[in-house]
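> Next one to model:
(one chain, ligands or ions: 1)
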Amino acid sequence: MNVLVTGSSGMLGTELCRRIQRDGHTVAGADVNCAPDDPAGAVDIRDFTALSRFAADTRPDMIFHLAAETNVDLCEQNPDHAFQTNALGTEHVALCAQKLDVPLVYISTAAVFDGSKSEAYTEYDAPNPINVYGRSKLAGEEAVGRLLRRYFIFRAGWMVGGWEIDKKFVYKIVQQILDGKREIQAVDDKFGSPTFTDDFVRNMMPIVQSGRFGLYHLCGKGCASRYEIARQIVKDMDAGLDVNVAPVPSSAFPLPAPRPRMEALRNHKLDLLGMNQMQSWRDNLRRYIVENLKHTHPVSDSVAARTC
Ligand SMILES: NC(=O)c1ccc[n+]([C@@H]2O[C@H](COP(=O)([O-])OP(=O)(O)OC[C@H]3O[C@@H](n4cnc5c(N)ncnc54)[C@H](OP(=O)(O)O)[C@@H]3O)[C@@H](O)[C@H]2O)c1
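Predicted coordinates for the structure are as follows:
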């Protein structure tokens, strides 16, 4: 099978391409800023002509659409850029899938919800995004649903993966501790579902192969605040009692884009179908930290033993 992956050089794209190739399929990656040694084709999804040409040349049997402007604050500061990439860009990819008559897999986000719920959101809750990123990703979902019959939309939680290419929270905290920081502040009034890229891809593929099209929530088991995640990181790094994690309100870190209070998702449809095999975020975090530290930094025997 030939598979086209947009956003192939990103955090999730790297893991997905690795998995597709391991399964014996051919990947044509497309990304906007490719390094010279990147096997991906340099394609900007905002350029419909270039994207259509690339899609026609690669003749995919299926398209995975991951490319997005994922910088939530940049989206807030430049809404036109956000909508051009996440809404129009997604419409372009969906039009290519329509023309080639192939299924599309679109990765979306918990940011489509307003966060006012006190528990995790299910597929049956109504979206109502409160920031530009969420609105532009929801517009992408709507374009996919409007233009295609055969599609999957997977909403992921807070993504973790790829270690050095992980631009998000976990790697930043690990790096601070490795740099010798002993006082860490982490927000305790925002909640999400940490979702590890390898767990996500491993669980997404059987659903895609089942041909049971539609919208799914796919995130790690459990809900956590940034503070709880930071505390777990310290524990898993075995950094000792001298690293203190202090809970702070999100007002301590003023940011351009408002964040929903609750971004946790429940994989409700997969629960109902008996197909929810996603792992707990704590188990995944421990494995992620120990596996990656082992390659870059020596870890103590006690940490290594905990992954066995
Ligand atoms: N990260 C999360 O916490 C999270 C959570 C839920 C859902 N998601 C969704 O999951 C998908 C993958 O996210 P990720 O975490 O892997 O993000 P990522 O690392 O930022 O990957 C996205 C990739 O898309 C590329 N891209 C941006 N604009 C493009 C354009 N116009 N044309 C072609 N490629 C473009 C990016 O390139 P540059 O880096 O050069 O811009 C990047 O390589 C996204 O659709 C995102 O909305 C992410």
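
> Show me which residues of the stretch 1-150 of the chain sit near the ligand.
Contact residues (Cβ under 6 Å from any ligand atom) of the stretch 1-150 of the chain with the ligand: 6-7, 9-13, 31-33, 44-46, 66-70, 85, 89, 107, 109, 137. The way it works is simple: take the backbone N, C-alpha and C, and place the C-beta from them, glycine included.

> Show me where the chain has its strands.
Taking DSSP state E, the strands of the chain run over residues 2-6, 26-31, 41-42, 62-65, 104-109, 151-156, 159-160, 183-187, 191-192, 195-196, 214-217, 224-225, 244-248, 262-263.

> can you list the ones you listed in TSV and add mean neighbour count and mean pLDDT?
Converted to TSV, those look like this (neighbours: other Cβ atoms under 10 Å; pLDDT from 0 to 100):
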stretch	mean neighbour count	mean pLDDT
strand 2-6	25	97
strand 26-31	22	96
strand 41-42	14	88
strand 62-65	26	98
strand 104-109	25	98
strand 151-156	23	98
strand 159-160	26	95
strand 183-187	17	95
strand 191-192	24	98
strand 195-196	26	97
strand 214-217	20	98
strand 224-225	20	97
strand 244-248	15	96
strand 262-263	21	98
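
> among the residues of the stretch 1-150 of the chain next to the ligand, which are in helices?
Among those, DSSP state H puts 11, 12, 13, 89, 137 in helices.

> Farthest-apart pair in those residues, please.
Longest distance between any two of those is 17.7 Å, between 11 and 89; criterion Cβ to Cβ.

> When these two are compared, which one has more neighbours?
residue 89 (27 against 21; other Cβ atoms under 10 Å).

> Now do the contacts for that one.
45, 46, 67, 68, 140 (Cβ atoms under 8 Å, 6 or more residues apart in numbering).

> Return the members of these classed as buried.
With burial judged by 16 or more other Cβ atoms under 10 Å, the buried subset of those is 45, 67, 68, 140.

> And for the nearest residue to the third one once chain neighbours are set aside, the neighbour number?
Distances taken as Cβ to Cβ, 6 or more residues apart in numbering place residue 86 nearest to residue 68, at 5.2 Å, with adjacent residues excluded. Under the neighbour criterion other Cβ under 10 Å, residue 86 is assigned a count of 29.

> show me the contacts for residue 86.
By Cβ under 8 Å, 6+ apart, the contact list for residue 86 reads 68, 69, 75, 133, 136, 137, 139, 140.

> cool, residue 37 as well?
Listed by Cβ under 8 Å, 6+ apart, the contact set of residue 37 is empty.

> wait, residue 75 sits on residue 137?
No. Using Cβ atoms under 8 Å, residue 75 is not in contact with residue 137, being 9.1 Å away.

> So those two - more neighbours on which side?
Set residue 75 next to residue 137 and count neighbours by other Cβ under 10 Å: residue 137 wins out with 30 against 26.

> what about that one, distance to residue 216?
In this structure, residue 137 and residue 216 are 15 Å apart, going by Cβ to Cβ, to the nearest Å.

> swap in residue 10?
Residue 10 is 20 Å from residue 216, by Cβ to Cβ.

> same deal with residue 113?
15 Å.

> what number of residues lie near whatever residue of the stretch 201-308 of the chain ends up closest to the ligand?
Relative to the ligand, the nearest point of the stretch 201-308 of the chain is residue 219 (8.3 Å; Cβ to the nearest ligand atom). Other residues lying near residue 219 total 30 when counted by other Cβ under 10 Å.

> Surely it and residue 199 touch.
No. Using Cβ under 8 Å, residue 219 is not in contact with residue 199, being 9.2 Å away.

> any residues in contact with both of the two?
Shared contacts of residue 219 and residue 199, counting by Cβ under 8 Å, 6+ apart, come down to residue 278.

> Counting neighbours, what do you get for the residue in the chain that the ligand sits nearest to?
Nearest to the ligand, among the residues of the chain, is residue 10, at 2.0 Å (Cβ to the nearest ligand atom). Burial of residue 10 is recorded as 25 neighbouring residues (other Cβ under 10 Å).
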